[in-house]
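Novice: how would this look folded up:
(chains A, B, C and D)
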2 protein chains.
Amino acid sequence: MSVQERKERERAVRERLIVATARELAEHQGWDAVTTRRLAERIEYSQPVLYSHFRGKREIIGAVALEGATEMAAALRAAASAADGPRARVTALARAYLDFAERNPAVYDAMFQLDGGLAFAKEDTPEPLKDAFAALLESLGEVAGDGVHPGLFTEVFWAALHGLATLTRAGRLPPGDAERRVELLVDRLAVV
Amino acid sequence: MSVQERKERERAVRERLIVATARELAEHQGWDAVTTRRLAERIEYSQPVLYSHFRGKREIIGAVALEGATEMAAALRAAASAADGPRARVTALARAYLDFAERNPAVYDAMFQLDGGLAFAKEDTPEPLKDAFAALLESLGEVAGDGVHPGLFTEVFWAALHGLATLTRAGRLPPGDAERRVELLVDRLAVV
DNA sequence: GACTCGATCCTAGCATCGCTAGACAAGCGA
DNA sequence: TCGCTTGTCTAGCGATGCTAGGATCGAGTC
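Specialist: Predicted coordinates for the structure are as follows:
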């Protein structure tokens, strides 16, 4: 029994190594540089080993996305809990969201831009994704306003943040006015 | 002279055929199905012909994006001009934007999700893209509110629309409540 | 302690991708 | 009619995601 346990442990370690290496490679050189060959070379195994852990490249992206979702949820909660009052909490939340997207572009892409083969807005949505949304909901629900469903409000606010994050990073929005855009967004959307 | 003119005319026709074929292929089978080989086969020329019109696949995507931007600008202006009053105009504009994204997913991807090698938010931004933004600005500038820069307001509103469009289509948002989300967005952001 | 056998991993290869070099033919001007 | 430019095609390069099949290694058994 002990032998099998050791093997499973080693497999788990290697799987984490794959995900971490994929993430690092994507963060430094972009997802285009994350090829199965390069990834295999980095972890010092041959290509087919990757396929004994994941169905394919998509699932590797998905694994990075889940890891990122967990981190994002933590970052959002940390930012929210450090602020006093609903209004300040929402501002801090928005800044933390955009900050996360800017600091971890590859992870953000894995979560929302690339196809990681993950289900969303369904019952079989992976837990980390649900939890990241929940982290948003916790703070945003307070400022949804009377008669507005908190979930719906969170969706709209999230969409706005997502739009700002992606358009800014793609060079579609001038980078200078980021802070003013956040203030405007919170000013108008949040009911305090 | 006349010979050369005829050749140029034929070249222009063929270039439009390439763009139209790429768009059609992308709209029916997704951008992944738009390979240079398949595209060449559809237009009944060999692969290298594509490269005598465009530098590469990126530029073909960019051409589809520009075509889409022109159409989107027209659609937005049409919707806005058919509505009475600033508030109704903004609602119509938002609906038209999301409608365009939903009806032309491949074109929308070419414009905002894929790399078409286009410059944004700079002086050398292609005219169609500037014009599409201008079409948004025309209606949204009216409801920016006192002391808020119309351009900044338009950017934020646009980002929100873009977020709704992409997240909805990627299955990240439940498709049912689209209309309620638009109403909430217009209600809060627009100052009437 | 030798052996069997299953798990594990690697070499090699497939089809396809974007892109390009070089051969070839067609049609222009002289 | 001839020469030459212009245009097009065939063939191929390196790289991609993914997989089949053989080699190797080590655990468990006599």
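Novice: so the spatially closest residue to residue A:68 that is not a sequence neighbour, which of the three states?
Specialist: Leaving aside its sequence neighbours, residue A:68 sits nearest to residue A:107 (Cβ to Cβ, 6 or more residues apart in numbering or on different chains; 3.6 Å). Quick note: C-beta positions are derived from backbone N, CA and C, even for glycine. With DSSP: H, G, I helix; E, B strand; the rest coil as the basis, the three-state label of residue A:107 is helix.
Novice: residues in chain A within reach of DNA strand D, list them.
Specialist: Taking Cβ under 7 Å from any atom of the strand as the test, the list of chain A residues beside DNA strand D reads A:3-4, A:34-38, A:47-48, A:51, A:56-58.
Novice: wait, residue A:134 sits on residue A:73?
Specialist: Yes - using Cβ atoms under 8 Å, residue A:134 makes contact with residue A:73 at a distance of 7.4 Å.
Novice: what about the two, which has more around it?
Specialist: Set side by side, residue A:134 and residue A:73 show more neighbours around residue A:73, with 20 against 15, by other Cβ atoms under 10 Å in any protein chain shown.
Novice: the residue nearest to residue A:192 when sequence neighbours are not counted: neighbour count?
Specialist: Of all residues beyond its chain neighbours, the one nearest residue A:192 is residue A:87 (4.5 Å), with distances taken as Cβ to Cβ, 6+ apart. Counted by other Cβ under 10 Å, the residues lying close to residue A:87 total 16.
Novice: which residues touch residue A:87?
Specialist: When contacts are counted by Cβ atoms under 8 Å, 6 or more residues apart in numbering or on different chains, residue A:87 touches A:143, A:186, A:190, A:192.
Novice: who's in contact with the last one?
Specialist: Put plainly, it is residue A:192. When the contact criterion is Cβ under 8 Å, 6+ apart, the partners of residue A:192 are A:86-87, A:143.
Novice: assign it to helix, strand or coil.
Specialist: Classification of residue A:192 using three-state DSSP returns coil.
Novice: what parts of chain A come near DNA strand C?
Specialist: For chain A, the residues in contact with DNA strand C under the definition Cβ under 7 Å from any atom of the strand are A:7, A:11, A:45-49, A:52.
Novice: could you find the closest non-adjacent residue to the residue in chain A that DNA strand C sits nearest to?
Specialist: Relative to DNA strand C, the nearest point of chain A is residue A:46 (3.3 Å; Cβ to the nearest atom of the strand). Sequence neighbours aside, residue A:40 is the residue nearest to residue A:46 in space, at 5.8 Å (criterion: Cβ to Cβ, 6+ apart).
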